[in-house]
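> dropping a prediction and its sequence here:
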Amino acid sequence: MMANDLLSIIVASTMAALSVASLIYACWQIMQRSQASERLGTYLGDHPDRDGNSLTSPDPQLAERINRTINRQGFADRIAYDLTQANLPLTVPEYFLLRTAIPALLAIVALSIWRTVLVVPAALLVGFVAPIFWLRGRRRRRNQDFNDQLSQTLSVLASSMRGGFSLLQSIANASRESQEPTRTELWRVTQEIQLGLGIGQALDNLVKRVESDDLELVVTAIKVHSRVGGNLANVLETISATIRARARLRREVHVTTSMQRMASYVIGLLPVALGLVILMINPGYIMRLFTPGWYLCIPFGALISSAIGFIIIQRIVDIKV
């Protein structure tokens with residue numbers, strides 16, 4: 001018992017030191033930003049949400065070595081792409097530092113609650129996987145919000161162009177009139193153009209940051225207009241009407257398939273919920289399924305069958321519009 005307590009204390013101390021060091025360094029890296037953004041703001045104007053506060057930044061050699069080491073890895077570009085799509089003001093090294101601190105903190109909390117080192121691997125696994133799903137969910141929600149606002153944004157662009165504004169002025173006006181995340185993305189487009197990029201390249205960067213088939217159609221229309229001419233306002237209005245019709249059809253499909261999606265959740269969760277209920281009522285009865293032997297095939301087969309049924313139904317009702 002004494003050895004187990006001593007081991008728990010050693011593990012908790014190690015995790016605490018690692019998590020505190022990672023959090024302090026990550027927060028320091030986030031706060032100590034380069035003066036480049038402040039200098040650019042002098043010429044490009046303030047960001048729509050900028051509060052005017054500035055931070056000076058030294059150039060630490062340790063941070064530079066960490067940045068170079070991580071950025072040389074093949075997965076760094078993909079993580080940077082995901083962070084950009086999620087609109088997180090983090091660099092790849094900062095993201096890795098937070099990914100190191102979160103599992104350590106969860107392991108400390110779990111170790112403090114259950115007082116055994118057996119929960120540490122599970123806590124580390126949860127802390128490692130949870131930020132990945134959170135980042136993907138944030139990306140998905142942000143892209144969905146942009147797609148939902150795209151029709152209204154195109155209407156604002158078309159109205160501005162009919163009022164005599166150029167395309168760049170219309171984009172800047174739409175960035176002021178739109179909500180997040182459209183506001184930030186259009187502001188980035190105007191900033192890149194002011195820095196010297198062509199409008200086509202700036203719009204291509206916008207397509208890379210936002211996963212949207214409708215946006216690709218809009219950018220293609222703008223590129224074609226820049227080459228052959230025509231009434232771009234009418235084209236944008238037509239695309240806006242098409243996007244609204246597709247969104248309406250997508251909502252109708254979502255409502256029609258709601259019962260099938262609910263059935264998939266019931267099929268996936270019912271065996272687990274029933275097993276937990278029996279475990280609370282009669283633990284000895286349900287634990288016989290987990291004794292060594294062929295009985296183990298029953299719970300594992302039930303879980304695998306439930307997961308397969310859930311995936312099949314979700315694929316059936318996933319109708320692309």
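Right, received. Where do you want to start?

> where does the stretch 1-150 of the chain dip in pLDDT?
Applying pLDDT under 70 to the stretch 1-150 of the chain flags residues 1-76.

> tally of neighbours for the closest residue to residue 81 other than its chain neighbours?
Leaving aside its chain neighbours, residue 81 sits nearest to residue 208 (7.7 Å; criterion: Cβ to Cβ, 6 or more residues apart in numbering). In short, each C-beta sits where N, CA and C put it, glycine included. By the measure other Cβ atoms under 10 Å, the count of residues near residue 208 is 11.

> helix or strand: which one has residue 208?
Assigned by DSSP states H and E, residue 208 falls within helix 199-209.

> as CSV, could you dump the C-alpha coordinates of that helix?
C-alpha atoms of helix 199-209 as CSV (Å, rounded to 0.1, in the frame of the first residue of the first chain):
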residue,chain,number,x,y,z
ILE,A,199,-7.4,39.0,-56.3
GLY,A,200,-7.5,35.5,-57.9
GLN,A,201,-4.7,34.3,-55.6
ALA,A,202,-6.4,35.8,-52.6
LEU,A,203,-9.6,34.1,-53.4
ASP,A,204,-7.8,30.8,-54.0
ASN,A,205,-6.4,31.1,-50.5
LEU,A,206,-9.9,31.7,-49.2
VAL,A,207,-11.0,28.5,-50.9
LYS,A,208,-8.2,26.6,-49.2
ARG,A,209,-9.1,28.0,-45.8
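
> mind giving me the packing neighbours of that helix?
Under the contact definition 3 or more Cβ pairs under 8 Å, 6 or more residues apart in numbering; DSSP states H and E, helix 199-209 sits against helix 76-86, helix 182-194, helix 213-228.

> wait, which of the ones you listed is closest to residue 277?
Residue 277 lies closest to helix 76-86 among those, at 38.4 Å (Cβ to Cβ).

> same for that closest one, what does it pack against?
Using 3+ Cβ pairs under 8 Å, 6+ apart: helix 76-86 touches helix 92-114, helix 120-162, helix 199-209.

> put the alpha carbons of the first one into CSV.
Which is helix 92-114. Backbone C-alpha positions of helix 92-114 (Å, rounded to 0.1, in the frame of the first residue of the first chain) are rendered in CSV as follows:
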residue,chain,number,x,y,z
VAL,A,92,2.2,24.2,-34.6
PRO,A,93,4.7,24.2,-31.7
GLU,A,94,2.2,25.9,-29.5
TYR,A,95,-0.4,23.4,-30.4
PHE,A,96,1.9,20.5,-29.6
LEU,A,97,2.8,22.1,-26.2
LEU,A,98,-0.9,22.3,-25.3
ARG,A,99,-1.4,18.8,-26.6
THR,A,100,1.3,17.7,-24.1
ALA,A,101,-0.1,19.7,-21.2
ILE,A,102,-3.7,18.6,-21.5
PRO,A,103,-3.1,14.8,-21.1
ALA,A,104,-0.8,15.5,-18.2
LEU,A,105,-3.4,17.6,-16.4
LEU,A,106,-6.1,15.0,-16.9
ALA,A,107,-3.8,12.3,-15.6
ILE,A,108,-3.1,14.4,-12.5
VAL,A,109,-6.9,14.9,-11.9
ALA,A,110,-7.7,11.3,-12.5
LEU,A,111,-4.8,10.2,-10.2
SER,A,112,-6.0,12.6,-7.5
ILE,A,113,-9.6,11.3,-7.7
TRP,A,114,-9.0,7.5,-7.9
